[in-house]
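1. Got a predicted structure plus its sequence, pasted below:
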Amino acid sequence: MELNEILKKRRSIRKYAKGSGITPDLIKECIAAAMEAPSWKNTETARYHAVMSPDKISEIREKCFGTWNYQCTENIQALVVATFVKNISGYQKDGTPDNELENGWGIYDAGLQNSVFILKAAECGADSLVMGIRNADAIREILGIPENEIILSVIALGERSETPERPHRKAVDDIVKFY
């Protein structure tokens with residue numbers, strides 16, 4: 001499948017069917033693809049915490065999501081918590097920031113990796129929803145995520161039960177300026 005086809009096919013899915021297509025190997029394949037994304041000075045600070053146990057998925061859904069994300073993740077097969085190691089990407093070896101963005105570069109790098117992750121998942125036939133509204137402290141406690149990792153998002157994986165329409169996108173000419 002060509003990249004443009006994947007970009008136009010992939011959707012943020014909010015209704016999942018019961019299924020069993022998500023495997024540890026599929027998640028590893030998505031992470032391996034994500035690791036090919038660029039990162040600041042090749043620091044590769046993104047980390048992934050894959051949750052496949054139905055009991056852990058239920059616990060996270062109940063304790064860490066609000067009503068909307070709880071409803072949107074019924075029947076999911078996996079949750080992948082995306083984090084990055086703070087104070088490395090965008091910093092000198094002595095700990096001084098390279099510019100005003102500081103840990104913003106870690107967020108940027110992890111975002112690049114997450115984008116590749118969900119596109120690879122789509123290529124492999126998996127559907128996803130990237131969620132930023134979550135209780136990071138509760139997730140950290142449930143999964144034992146180290147304090148030096150900043151939790152960015154949670155990616156739900158599963159099989160869609162319906163295909164939402166493609167949302168309107170702005171025209172390229174509306175968002176570009178050439179100099």
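-> Right, received. Where do you want to start? Numbers count the residues shown, from 1 in each chain.
2. send the alpha carbons of stretch 20-33 over as PDB?
-> Taking C-alpha atoms only, stretch 20-33 is exported to PDB below (Å, rounded to 0.1, in the frame of the first residue of the first chain):
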ATOM      1  CA  SER A  20      -8.100 -10.700  18.000                       C
ATOM      2  CA  GLY A  21      -5.900  -9.300  15.300                       C
ATOM      3  CA  ILE A  22      -3.600  -7.200  17.500                       C
ATOM      4  CA  THR A  23      -0.500  -9.200  18.600                       C
ATOM      5  CA  PRO A  24       2.700  -8.400  20.400                       C
ATOM      6  CA  ASP A  25       4.500  -9.000  17.100                       C
ATOM      7  CA  LEU A  26       2.300  -6.400  15.400                       C
ATOM      8  CA  ILE A  27       3.000  -3.900  18.100                       C
ATOM      9  CA  LYS A  28       6.800  -4.600  17.800                       C
ATOM     10  CA  GLU A  29       6.600  -4.100  14.100                       C
ATOM     11  CA  CYS A  30       4.900  -0.700  14.600                       C
ATOM     12  CA  ILE A  31       7.500   0.300  17.200                       C
ATOM     13  CA  ALA A  32      10.400  -0.800  14.900                       C
ATOM     14  CA  ALA A  33       8.900   1.400  12.100                       C
END
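3. Please identify the buried residues of that stretch?
-> Under the neighbour-count criterion of 16 or more other CB atoms under 10 Å, stretch 20-33 has 22, 26-27, 29-31, 33 buried. C-betas here are computed from N, CA, C, even on glycine.
4. got those residues as JSON lines, with distance to residue 92 columns?
-> What follows is the buried residues of stretch 20-33, written out as JSON lines (distance: CB to CB, whole Å):
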{"residue": "22", "distance to residue 92": "40"}
{"residue": "26", "distance to residue 92": "38"}
{"residue": "27", "distance to residue 92": "33"}
{"residue": "29", "distance to residue 92": "34"}
{"residue": "30", "distance to residue 92": "32"}
{"residue": "31", "distance to residue 92": "28"}
{"residue": "33", "distance to residue 92": "30"}
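5. Can you pick out the most distant pair from these?
-> Of all pairs drawn from these, the greatest distance, 15.3 Å, lies between 22 and 33 (CB to CB).
6. where's residue 67 relative to residue 133, distance?
-> 10 Å (CB to CB, to the nearest Å).
7. just to revisit the earlier point, sort out which of the buried residues of stretch 20-33 are in strands and list them.
-> Among those, no member falls in strands (DSSP state E).
8. now the helices for this protein?
-> Per DSSP state H, the chain carries helices over the ranges 3-9, 24-34, 54-64, 67-72, 104-123, 136-143, 172-175.
9. So for residue 42, which of those sits nearest?
-> Of all the helices of the chain, helix 104-123 comes closest under CB to CB, at 9.8 Å.
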